[in-house]
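Trainee: model the structure of this input:
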Amino acid sequence: FIIENYRHLNQLREQLILDCGAEWLRFLDEHYHPVSKAIGHLATIDCLFSLAQVAKQGDYYNNQEIIIKNGRHPVIDVLLGEQDQYVPNTTNLSRDGERVMIITGPNMGGKSSYIKQVALITVMAQIGSYVPAEESTVGVVDGIFTRMGAADNIYKGRSTFMEELTDTAEIIRRATSRSLVILDELGRGTSTHDGIAIAYATLEHFITDVESLTLFVTHYPSVCELEKVYPEKVGNYHMAFLVNEEESAEQKGIEENPEFITFLYQITKGVTARSYGLNVAKLANIPEEILKKAAHKSKELERLVNMKRALHRMYTKKSHESYFTYIIFLQESESETKLSKICDKLCYQFQLKLWIL
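Mentor: The predicted structure is shown next:
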């Protein structure tokens, strides 16, 4: 009896080993991989949480800066190839120093490509990728906010300008001092005065309140005055170009012909007061007679603006010389009939001013 029971016990033990092996194999087939992934994710979370806790101790350095030496656009650089090499550019933004770049320059001069280049290099650096630059120091950013391009939203009943301001408002709400903000030609969808006012006020908000690293592209020279207000935080830059000397020599004295330029695609210190839109019109094959009329109108409007500025300066002085200088300026640019009326008006204003004083 004992021998028979012992033999039965051994059989059960062997069956138990076989059943355990079969269940283990089934577990591996059905549950091992999901459980293994879950354990791996938990380990990663634990690691990141531990690093975050250590970083909050305050003794660890997180440089809030974007320093790129001779950076290139990773897409355009490849598309151009070796024969038509992309012009590299340098960027130097720092929270403790100059953190805002106001960028002006001619149309088609490379402004948008430059700011996209900075954004793409920053993204690549965040994910641990190599970047297209000789050297780079890119700190951690909590977001890259961009407002570029012009398009309406007909489904929501929004105009191009409304879309532009809606996007800008969202950036203002979400951006922090650790963000990179890129705004391209803010305010271009409305009248000049309103556009300048919106661009100026918005950029000043980012300078004083948000304090983010900011690239601001504009065709409004008035916005560049913020460099004088915040000299340690703001820098004026432009995309360099050359005026075509040969064409300028041929056109010298011919007022109705526009100036044409050569793009250098190089970021340079300083402000460009003009955008040379007629140069792009020529590149787009706008008819010559339209270009000449546009150039004539452009110079006429430019003279009008200069006259207003001269008149404004004249009111701040108390001498006859200001009026005589202004009259000489008018003689060179206005018809006799119009000049006579303006001179009469100036004489009356000058006498009135003396009487008040």
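Trainee: wait, what's in contact with A119?
Mentor: The contact partners of A119, taken as Cβ atoms under 8 Å, 6 or more residues apart in numbering, are I144, T146, L180, I182. Bear in mind the C-beta positions are built from the backbone N, C-alpha and C, glycine included.
Trainee: okay, strands next: where are they in the stretch 201-350 of the chain?
Mentor: 213-217, 234-243, 261-269 (DSSP state E, counting those that start in this stretch).
Trainee: what's the neighbour count on I267?
Mentor: Residues within reach of I267, counting by other Cβ atoms under 10 Å, total 22.
Trainee: tally of neighbours for the residue nearest to it when sequence neighbours are not counted?
Mentor: Spatial nearest neighbour of I267, chain neighbours left out: N89 (4.6 Å); criterion: Cβ to Cβ, 6 or more residues apart in numbering. By other Cβ under 10 Å, 23 other residues sit near N89.
Trainee: so N89 touches N70, yeah?
Mentor: Yes - using Cβ atoms under 8 Å, N89 is in contact with N70, at 7.3 Å.
Trainee: intersection of neighbour lists for those two?
Mentor: If you check N89 and N70 against Cβ under 8 Å, 6+ apart, no residue is contacted by both.
Trainee: just the helices in the chain please.
Mentor: Ranges of helices in the chain, per DSSP state H, are 2-27, 33-55, 76-80, 111-126, 160-174, 192-205, 226-229, 245-250, 277-283, 288-315, 320-331, 336-356.
Trainee: what's the most buried one of those helices?
Mentor: helix 111-126 (a mean of 20; mean count of other Cβ atoms under 10 Å).
Trainee: mean confidence score for that one?
Mentor: For helix 111-126, the mean per-residue pLDDT is 94.
Trainee: send the alpha carbons of it over as PDB?
Mentor: Extracted in PDB, the C-alpha atoms of helix 111-126 (Å, rounded to 0.1, in the frame of the first residue of the first chain):
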ATOM      1  CA  LYS A 111      14.500  87.100 -42.300                       C
ATOM      2  CA  SER A 112      11.900  84.300 -42.000                       C
ATOM      3  CA  SER A 113      14.500  81.700 -43.000                       C
ATOM      4  CA  TYR A 114      16.800  83.000 -40.300                       C
ATOM      5  CA  ILE A 115      14.200  82.800 -37.500                       C
ATOM      6  CA  LYS A 116      13.000  79.400 -38.600                       C
ATOM      7  CA  GLN A 117      16.600  78.300 -38.500                       C
ATOM      8  CA  VAL A 118      16.900  79.300 -34.900                       C
ATOM      9  CA  ALA A 119      13.700  77.600 -34.000                       C
ATOM     10  CA  LEU A 120      14.600  74.300 -35.700                       C
ATOM     11  CA  ILE A 121      18.100  74.200 -34.100                       C
ATOM     12  CA  THR A 122      16.500  74.800 -30.700                       C
ATOM     13  CA  VAL A 123      14.100  71.900 -31.300                       C
ATOM     14  CA  MET A 124      16.900  69.600 -32.400                       C
ATOM     15  CA  ALA A 125      19.000  70.500 -29.400                       C
ATOM     16  CA  GLN A 126      16.000  69.800 -27.000                       C
END
